[in-house]
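Student: Predicted model, plus sequence, below.
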2 protein chains.
Amino acid sequence: MLRLIGIGLSIDMLPLGNLKKILSCDEIVVDSYTSIWFPSAYLLTSLLIQLGKTVVIAPRNYLEGGEVKNLIRRALDKEVCILVTGDPLIATTHSSIITEALVNNVEVEVVPAVSIFNVSISLSCLQVYRFGKIVTVVSPKNGIVYEYPYDVIKMNRLQNLHTLLLLEIDVEKNYYMKPYEAIKILLDIQEKREENIISLKDIAIILGDVLSCRQKIWILTIEEILRMQYEFLYNKLYTIIIPSRKLHPVEEECLNLIRKGKMSYLCAISEEELKKIAQLIYNQ
Amino acid sequence: MLRLIGIGLSIDMLPLGNLKKILSCDEIVVDSYTSIWFPSAYLLTSLLIQLGKTVVIAPRNYLEGGEVKNLIRRALDKEVCILVTGDPLIATTHSSIITEALVNNVEVEVVPAVSIFNVSISLSCLQVYRFGKIVTVVSPKNGIVYEYPYDVIKMNRLQNLHTLLLLEIDVEKNYYMKPYEAIKILLDIQEKREENIISLKDIAIILGDVLSCRQKIWILTIEEILRMQYEFLYNKLYTIIIPSRKLHPVEEECLNLIRKGKMSYLCAISEEELKKIAQLIYNQ
């Protein structure tokens, strides 16, 4: 069997059932390139190795290349697991691995966990029913600007909907787009088109390293985001929410809570605790 | 401090950090009316009581009424927790409790977990980027039909986007809308309007009791759903995805995997295991 197991965004968000399933695998591949896991995927890997597991930390070419065919072949008579940060199949694309497994008559299990998708919306205080399409902002490649994210914001704003923006990351190149880079890209497209969908006075919600010990949430104007380069040095992964210009009174009140810094997130599980829990489950 | 702690959709999806936080609370209120938790919220409650915790299973009038003011007052100098199925603030509305806490100078922590929102999308094999607005289908109240869900599907289809439909539930009245009821409501609205947004030959994805031991996923035509009353007796909670008529080849291939029944979900954590893990964390 091939299991695609979500590990959430951090040690705290690892679901009990997912941990048990990881421990039942004969061979474990950790997807190390679609995102990062807090405090570190290496911590989880080293713990699994200590428990006697066979673990491979896979770069992109492993899971997108020929290596994956061998992996699927081994899944015919072994428990092979691929660990994915967040919720597998949400915002990462391992569907091709699944279909490859099907062609080879391998049973597949998809094991969800929290995703940046639901967590960003939940922590923003905005109502899930008022979100439109989500989109990822990517930096220009070979001089070509990918304008689609701007179109999505425009489409959502015209329908009075919020937009969740994921920002490009490239773990292997150690590139994590900063909020001001994303905003700059969007404003450049807007300027070229001579439109006014996003104004400098509009607010945006920025979420940094959610569900880690460093989690931080800001409510800023577009103008402030462009100026804030120092503040964004501390966190690594960001998402931005461009809210609809019309907020529901409950949303407005809840955003005030974030503004006043009354909304915390405290990380809880230590490496030592994870180890003890894993040992307990493993020795059952 | 007031903590709103997500408990996911099932025992398997309880995140490690959330369990630790629950165990640190002086007083625990379990929201028992916004959804159900598998195998049962009573199992979790009884376990917490065995560990010496003060637990209240709250009906709707508790968390929406005057009782909540007292609760917030106690959160000024105690750790008060509200446990919510899924991800708090996603698809449930406890924002008013948060703003009430703010007015009273109580610190708030929102602790996410998996939500029906990300899980339905992840398990459907469809791409998150191709989803539009989500919406809940509710049954007519006093003869008044709430037509908005139909409008959302129409708007999404015209933009080539998928729609996630949550179905009305009323835990206190033991009412859980069945897929054929939801489809019937939508087709009646369509008929009245003399439109043709949803045809009987269109497919829909139905997810039943996701992340429980009974999880089941169907890919059916609208016509088949209307006829299937027996098949929907077994599960309690359903969501429906009305996909865009144009599917991406990868989505199409992945749906075939579900059709062929090659995609499983196996529940893993027993009550006994949860108890042992909780004791281990609690006794640290």
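Tutor: Perfect, thanks for sending it.
Student: all helices for the stretch 1-150 of chain A, in order.
Tutor: For the stretch 1-150 of chain A, applying DSSP state H, counting those that start in this stretch gives helices covering A:16-23, A:41-50, A:60-64, A:67-74, A:95-103, A:116-124, A:148-158.
Student: Likewise for the stretch 151-284 of chain A?
Tutor: Per DSSP H, counting those that start in this stretch, the stretch 151-284 of chain A carries helices over the ranges A:179-193, A:222-227, A:249-259, A:271-282.
Student: want to throw those helices into CSV with mean neighbour count and mean pLDDT?
Tutor: For every residue, glycine as well, the C-beta is placed using N, CA and C. Output for those, formatted as CSV (neighbours: other CB atoms under 10 Å in any protein chain shown; pLDDT from 0 to 100):
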stretch, mean neighbour count, mean pLDDT
helix A:179-193, 18, 98
helix A:222-227, 16, 96
helix A:249-259, 17, 88
helix A:271-282, 17, 96
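Student: Mind checking the ones you listed for the one nearest to residue A:238?
Tutor: Nearest to residue A:238, of all those, is helix A:179-193, at 5.3 Å by CB to CB.
Student: contacts for that closest one?
Tutor: By CB atoms under 8 Å, 6 or more residues apart in numbering or on different chains, the residues outside helix A:179-193 that reach it are A:137, A:139-140, A:145, A:147, A:149-150, A:153, A:165, A:167, A:196-198, A:204, A:206, A:222, A:225-229, A:232, A:238, A:240.
Student: repeat for stretch A:271-279
Tutor: Residues outside stretch A:271-279 that contact it (CB under 8 Å, 6+ apart): A:11, A:14, A:19, A:23, A:39, A:43-44, A:47-48, A:50-51, B:16, B:20, B:277, B:280-281, B:284.
Student: and if you look at stretch A:147-161?
Tutor: Counting by CB under 8 Å, 6+ apart, A:130-138, A:162-163, A:165, A:185-186, A:189-190, A:193, A:195, A:197-198, A:242, A:244-246, B:133, B:155, B:159 sit against stretch A:147-161.
Student: Just the buried ones from those?
Tutor: In those, burial by neighbour count holds for A:130-138, A:162-163, A:165, A:185-186, A:189-190, A:197-198, A:242, A:244, B:133, B:155, counting by 16 or more other CB atoms under 10 Å in any protein chain shown.
Student: what's the most buried one of the helices of the stretch 1-150 of chain A?
Tutor: Most buried of these, by mean neighbour count (mean count of other CB atoms under 10 Å in any protein chain shown): helix A:116-124, with a mean of 27.
Student: Measure how it sits relative to helix A:249-259, angle-wise.
Tutor: If you take axes from the mean of the first three to the mean of the last three CA atoms, to 10 degrees, helix A:116-124 sits at 90 degrees to helix A:249-259.
Student: is helix A:116-124 anywhere near chain B?
Tutor: Yes: counting by CB under 8 Å from any CB of the partner chain, chain B is contacted by helix A:116-124 at A:117-119, A:121-123.
Student: Can I get these in JSON lines including distance to residue A:102 and pLDDT?
Tutor: Putting the residues of helix A:116-124 next to chain B into JSON lines (distance: CB to CB, whole Å; pLDDT from 0 to 100) gives the following:
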{"residue": "A:117", "distance to residue A:102": "25", "pLDDT": "95"}
{"residue": "A:118", "distance to residue A:102": "27", "pLDDT": "95"}
{"residue": "A:119", "distance to residue A:102": "30", "pLDDT": "97"}
{"residue": "A:121", "distance to residue A:102": "31", "pLDDT": "95"}
{"residue": "A:122", "distance to residue A:102": "33", "pLDDT": "93"}
{"residue": "A:123", "distance to residue A:102": "36", "pLDDT": "95"}
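Student: check contacts around residue A:78.
Tutor: Contact partners of residue A:78, counting by CB under 8 Å, 6+ apart, are A:26-27.
Student: and it, backbone torsions?
Tutor: According to degrees, to the nearest 10, the main-chain angles of residue A:78 amount to phi -130, psi 160.
Student: separation between it and chain B?
Tutor: 16 Å (CB to the nearest CB, to the nearest Å).
Student: Residue B:128 is in contact with residue A:90, correct?
Tutor: Yes: between residue A:90 and residue B:128 there is a contact at 5.2 Å, judged by CB atoms under 8 Å.
Student: Spit out the residues that contact these two alike.
Tutor: In contact with both residue A:90 and residue B:128: A:117, B:121-122, using CB under 8 Å, 6+ apart.
Student: Who is residue A:136 paired with across the strands?
Tutor: residue A:166 (DSSP bridges).
Student: Contact partners for the residue nearest the centre of chain A?
Tutor: Centroid check for chain A by CA atoms, centre = their mean gives residue A:116 as the closest residue, at 4.0 Å. Residue A:116 makes contact with A:9, A:35, A:86, A:91, A:166, A:210, A:237, A:239, according to CB under 8 Å, 6+ apart.
Student: how many other residues sit next to the fourth one?
Tutor: Neighbours of residue A:91 under the rule other CB atoms under 10 Å in any protein chain shown: 23.
Student: before we move on, back to that, I'd like the helices of the stretch 151-284 of chain A laid out as TSV, including distance to residue A:75.
Tutor: Listed next are the helices of the stretch 151-284 of chain A as TSV, based on distance: least, CB to CB, whole Å:
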stretch	distance to residue A:75
helix A:179-193	38
helix A:222-227	45
helix A:249-259	44
helix A:271-282	21
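Student: Out of the ones you listed, flag the one nearest residue B:250.
Tutor: helix A:179-193 (26.3 Å).
Student: Centre of the chain to that closest one, how far?
Tutor: Relative to its parent chain, helix A:179-193 has a centroid offset of 22 Å by CA atoms, centre = their mean, to the nearest Å.
Student: could you give the angle of it to helix A:148-158?
Tutor: On the basis of the same axes, to 10 degrees, helix A:179-193 is oriented at 80 degrees to helix A:148-158.
Student: quick one: terminal-to-terminal distance for stretch A:264-271?
Tutor: The first and last residues of stretch A:264-271 sit 22 Å apart, counting by CA to CA, to the nearest Å.
Student: Can you list the buried residues in it?
Tutor: Quick answer for stretch A:264-271 (16+ other CB under 10 Å): A:265, A:267-269.
Student: now those residues as CSV including pLDDT and distance to residue A:254?
Tutor: Converted to CSV, these look like this (pLDDT from 0 to 100; distance: CB to CB, whole Å):
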residue, pLDDT, distance to residue A:254
A:265, 94, 15
A:267, 96, 22
A:268, 97, 23
A:269, 97, 27
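Student: What about chain B: which of these touch it?
Tutor: For chain B, the contacts drawn from these by CB under 8 Å from any CB are A:265, A:267-269.
Student: which residues does residue A:131 contact?
Tutor: Contacts for residue A:131 (CB under 8 Å, 6+ apart) come out as A:121, A:156, A:161-164, B:133-134.
Student: Give me the pLDDT value at it.
Tutor: Per-residue confidence at residue A:131 stands at 97 (pLDDT).
Student: related to what we said a few turns ago, between the residues of helix A:116-124 next to chain B, which is closest to residue B:103?
Tutor: Closest approach to residue B:103 among the residues of helix A:116-124 next to chain B (CB to CB): residue A:123, at 20.4 Å.
Student: distance of the closest one from residue B:4?
Tutor: Computed as CB to CB, to the nearest Å, the residue A:123 to residue B:4 distance reads 11 Å.
Student: shared neighbours, these two?
Tutor: Counting by CB under 8 Å, 6+ apart, the residues touching both residue A:123 and residue B:4 are B:89, B:110.
Student: Outline the domain layout of chain A.
Tutor: The record's domain parsing of chain A by automatic domain parsing lists A:2-114, A:116-259.
Student: which parts of the stretch 151-284 of chain A sit against chain B?
Tutor: A:155, A:159, A:161, A:211, A:250-251, A:253-254, A:256-257, A:260, A:262-269, A:273-274, A:276-277, A:280-281, A:284.
Student: my read: residue A:86 touches residue A:35, true?
Tutor: Yes: assessed by CB under 8 Å, residue A:86 is found in contact with residue A:35 at 6.2 Å.
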